[in-house]
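Undergrad: just a sequence and a predicted model for now, questions to come.
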Amino acid sequence: MRKSVLSTITIIATTAVSLVLFRPTEDSTNSTKKDIPSEVKGIVTALEPKITSSSTIDVTPSPSPSTQPSITPTPTIISTQSTQKEQSGLQVQRVSPEPEKKTTTEAGAVTTLSLNNLQKGTLYEVKLPLDISASNLSISWPASSSIPLWTTTLPTSISQLAPLPHDDDMITVELTNHSGLLPFPVGKTLYLYPTQTIAKATISLIAPNAEVNSHKISTTGVYNSNSGASYTSLNIKTRDEWGANPATWDSNTSANIDDPSRLIWYPVYYKASRIVVHHTATGINTTNPAASVRAIYLYHAYTRKWGDIGYNFLIDHNGTIYEGKAGGDETQGYHAFGAANRMSVGISVIGDYSYSAPSSKARSSLVKLMAEKAAFYGFRLKYSDGGTAKWRDISYTVFGHRTSYQWDYDTNSWKVNQTACPGNAFAAILPSLTQEAENYRSANYSSLKKLAQDVDAAFEEPHDQGTIIVRYNVPEDTTEEVMRTFVPAYSGIKSYTISGNTITYKIESGIVIHPYYGDSEYLVVPDNWTGYDGEYATFSIPYEMNGVKDRSKTLLKVFKLDSRVQAADLKHYLQVQEIEPLQNED
């Protein structure tokens, strides 16, 4: 069972030395996987039936064998055309990395190169292919090896080299360290100095497309095949607009991880009650900010092999907000480590804010995004400056990545995430930004806050809480083909039934098995759930998630806020509303 899931609103930042572009699973050297409790009911099944009038369509993925797909990578060898030269007493060996594979997507391309058998104490001059243009690169090396030194200009002494930046918070299941996104060297040459022999190093060249074939989709009730059910009143660029590949899922596929249509982790949902704030620890593209988002997406999806971008939202220096991880509101992102992911929304501001703060436009957008999400989910904004006690106190709802915590499954205790993210300069202003956002939430969003209260009240009644009926503003004889376009992708929906201009949605607890890595987790958690290891029960007030109820609340709010919807409510209430006029007439 996967242990690191995202569901707090998290603001993440990383330094140039300690990049935090995270892997979504909890695979660390000291975590032990736990199985889903045997009493869990409602294993998810996936069907693709022919749709007829009033038929029920099951839209969730089916468990598939946990075996790894057959993948045969291209053999990689170090170039035999290496040469040696002397530079101020340093022995320099020139090498040309061998092409391993290239993945071309709608967002851009990732070219993977490999270097084998890099010897300790040798300075390697790595000549990158002249025919490849890229904006960024990333270097990976075995987690068992120490961090290599590097530079992009020929050094005259070892003291001029610096340790590669690295994702120090977690490693991948392949036990590989990654440097994060580095600027592509102008001279297409870099220098590596292993401090320990490295059996294999990999270089990923990230080349986001300058432009994409995008189209504007309303962000008020975002329903499209590349996203999920979500609401915002802000002008957020959707995944389709900034160029994410269409998110697709096939639980039985044996497709390679590099297949551009491959969504490795199916969107799963946990009650969001916190925000985690990050920085991307990358440069700022002043001329084409959306290309920076595509570069991060390519790095996360294909270099890190997550299948998607990790953050729930990103903000550029102009204040533009970008939709991140596919799945819509409350989908778990891949931005922090462990249990922090399951209860948070991850927001990352593009740039490195170790020494300077984000722009005023970026700060303003962050304030409004935090305020709106807090109003929508129904919590106040309160900043934590760190400490286990505040992490375990549910009244604290805003964390910098470095003040968030992960659950240690060996010691059954919380430990702080070891990272510099979101950078010292950003972290210094997070308390004031949080208070500004809380003031904004308090003074605005009266209708949204009233709706959240009304929906909460509706779920206090002991009726069927996993069935939502939605009547759309279209004629009753609207074709099923048209009606299906209203159905949100993913969103934790188990099945739906179409009848005229009405769709009945069914939400149930269940699990999903991820075929590439073979792990599994809840699609929607069961009632009274306190974590895979009971970690949320250690909070000062035990934090429980009631999966069907929590997910239905969020979906009902989204439906009620959608201008295309005539009426939406729980099954019981909508049926009562329909028969009341007849009773009055009698």
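TA: Looks like it came in fine.

Undergrad: going forward, measure contacts between C-alpha atoms and count neighbours the same way
TA: OK.

Undergrad: can you give me the buried ones in the longest helix anywhere in the chain?
TA: Taking residue count as the measure and DSSP state H as the definition, the longest helix of the chain comes out as helix 424-443. The neighbour-count check on helix 424-443 (16 or more other C-alpha atoms under 10 Å) flags 424, 426-427, 430-431, 433-438, 440-442 as buried.

Undergrad: what's the first helix or strand after that helix?
TA: For helix 424-443, the following helix or strand on the C-terminal side (DSSP states H and E) is helix 446-458.

Undergrad: who touches that following helix?
TA: Under the criterion C-alpha atoms under 8 Å, 6 or more residues apart in numbering, residues 375, 376, 377, 378, 553, 556, 557 lie in contact with helix 446-458.

Undergrad: switch to 6 Å and redo it
TA: Contacting residues not belonging to helix 446-458 are listed as residue 375 [C-alpha atoms under 6 Å, 6 or more residues apart in numbering].

Undergrad: before we move on, the earlier item: what helices or strands is the longest helix of the chain leaning on?
TA: For helix 424-443, the helices and strands in contact under the criterion 3 or more C-alpha pairs under 6 Å, 6 or more residues apart in numbering; DSSP states H and E are helix 360-377.

Undergrad: quick one: buried residues of the helix it packs on?
TA: In helix 360-377, counting by 16+ other C-alpha under 10 Å, buried: 362-377.

Undergrad: CA atoms only for the helix or strand where residue 206 lies, dumped as CSV, please.
TA: Using DSSP H and E, the element containing residue 206 is strand 198-208. Only the C-alpha atoms of strand 198-208 are listed here, as CSV (Å, rounded to 0.1, in the frame of the first residue of the first chain):
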residue,chain,number,x,y,z
ILE,A,198,29.4,5.5,-10.5
ALA,A,199,28.3,2.4,-12.4
LYS,A,200,25.9,4.5,-14.5
ALA,A,201,24.8,8.1,-14.7
THR,A,202,21.9,9.3,-16.8
ILE,A,203,21.4,12.7,-18.4
SER,A,204,17.9,13.8,-19.3
LEU,A,205,17.7,16.7,-21.8
ILE,A,206,14.4,18.6,-21.3
ALA,A,207,13.1,20.4,-24.4
PRO,A,208,9.6,21.9,-23.8
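
Undergrad: show me what it pairs with in its sheet, parallel or antiparallel.
TA: Sheet partners assigned to strand 198-208 using DSSP bridges are listed as strand 108-118 (antiparallel), strand 136-142 (antiparallel).

Undergrad: out of the ones you listed, which comes closest to residue 290?
TA: strand 108-118 (11.9 Å; C-alpha to C-alpha).

Undergrad: now the element after the closest one, going C-ward?
TA: Using DSSP H and E, the helix or strand that directly follows strand 108-118 along the chain is strand 123-127.

Undergrad: how about the helices in this protein?
TA: Counting by DSSP H, the chain has these helices, from start to end: 239-242, 289-298, 360-377, 388-391, 424-443, 446-458, 480-484, 547-561, 571-585.

Undergrad: name the residues of the second one that are buried.
TA: Neighbour counts over helix 289-298 (16+ other C-alpha under 10 Å) mark 289, 290, 291, 292, 293, 294, 295, 296, 297, 298 as buried.

Undergrad: for stretch 519-538, same thing?
TA: Under the neighbour-count criterion of 16+ other C-alpha under 10 Å, stretch 519-538 has 519-526, 529-533, 535-536 buried.

Undergrad: confidence-wise, which of those comes last?
TA: Lowest pLDDT among those: residue 519, with 71.

Undergrad: poorly predicted segments of the protein, please.
TA: Scanning the chain with the threshold set as pLDDT under 70 gives 1-89, 168-174, 214-226, 247-263, 514-518, 572-586.

Undergrad: again, only using 80
TA: Along the chain, the model assigns pLDDT under 80 to residues 1-90, 166-175, 213-226, 246-265, 337-338, 461-463, 513-520, 571-586.

Undergrad: and residue 269, what does it touch?
TA: Residues in contact with residue 269 (C-alpha under 6 Å, 6+ apart) are 330, 331, 332, 524.

Undergrad: for the residues you listed, which one is nearest residue 279?
TA: Of the contacts of residue 269, the one sitting nearest to residue 279 (C-alpha to C-alpha) turns out to be residue 332, at 18.2 Å.

Undergrad: from residue 212, how far out is that closest one?
TA: In this view, residue 332 and residue 212 are 26 Å apart by C-alpha to C-alpha, to the nearest Å.

Undergrad: which one's more surrounded, these two?
TA: Legend: neighbour count by other C-alpha atoms under 10 Å for residue 332 and residue 212, higher for residue 332 (33 against 18).

Undergrad: torsion angles phi and psi at that one?
TA: Backbone torsions for residue 332, taken as degrees, to the nearest 10, come to phi -70, psi 130.

Undergrad: residue 546 versus that one, what's the distance?
TA: Distance from residue 332 to residue 546, counting by C-alpha to C-alpha: 16 Å.

Undergrad: same thing with residue 195?
TA: Counting by C-alpha to C-alpha - residue 195 and residue 546 are separated by 50 Å.

Undergrad: for residue 315, same thing?
TA: As it turns out, when the distance is counted by C-alpha to C-alpha, residue 315 lies 31 Å from residue 546.

Undergrad: quick revisit: show me the contact partners of the longest helix of the chain.
TA: Residues outside helix 424-443 that contact it (C-alpha under 6 Å, 6+ apart) are 353, 354, 355, 356, 357, 367, 371, 381, 383.

Undergrad: number of residues surrounding the second one?
TA: Translated: residue 354. Number of residues near residue 354 (other C-alpha under 10 Å) recorded here: 21.

Undergrad: please name the nearest non-neighbouring residue to it.
TA: The shortest distance from residue 354 to any non-neighbouring residue, by C-alpha to C-alpha, 6 or more residues apart in numbering, is to residue 423 (4.0 Å).

Undergrad: what's around that neighbour, how many residues?
TA: The local packing count at residue 423 equals 29, with neighbours defined by other C-alpha under 10 Å.

Undergrad: surely it touches residue 356?
TA: No: contact criterion C-alpha atoms under 6 Å: residue 423 and residue 356 do not qualify, at 8.6 Å.

Undergrad: how about the strands paired with strand 198-208 in JSON lines, adding mean neighbour count?
TA: Compiled in JSON lines, these are given as follows (neighbours: other C-alpha atoms under 10 Å):
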{"stretch": "strand 108-118", "mean neighbour count": "21"}
{"stretch": "strand 136-142", "mean neighbour count": "22"}
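
Undergrad: tabulate those in TSV, adding columns for distance to residue 459.
TA: As requested, the strands paired with strand 198-208 are arranged in TSV below (distance: least, C-alpha to C-alpha, whole Å):
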stretch	distance to residue 459
strand 108-118	45
strand 136-142	48
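
Undergrad: ok, which of those strands comes nearest residue 404?
TA: With C-alpha to C-alpha as the measure, strand 136-142 is the member of the strands paired with strand 198-208 nearest residue 404 (25.8 Å).

Undergrad: and the contacts of stretch 288-306?
TA: The contact list for stretch 288-306, computed with C-alpha under 6 Å, 6+ apart, reads 107, 208, 242, 307, 308, 309.

Undergrad: now do the same end-to-end measure for that stretch.
TA: End-to-end distance for stretch 288-306: 24 Å, by C-alpha to C-alpha.

Undergrad: same check on stretch 393-406?
TA: With C-alpha to C-alpha, one end of stretch 393-406 sits 15 Å from the other.

Undergrad: stretch 407-425 now?
TA: End-to-end distance of stretch 407-425 (C-alpha to C-alpha): 27 Å.

Undergrad: figure out how far that stretch is from the centre of its chain.
TA: The chain centre lies 18 Å from the centre of stretch 407-425; the measure is C-alpha atoms, centre = their mean, to the nearest Å.

Undergrad: show me what counts as buried in it.
TA: 407-409, 414-424.

Undergrad: how near is residue 111 to residue 545?
TA: In this view, residue 111 and residue 545 are 42 Å apart by C-alpha to C-alpha.

Undergrad: please apply the same query to residue 565.
TA: Taken as C-alpha to C-alpha, the span from residue 565 to residue 545 is 28 Å.
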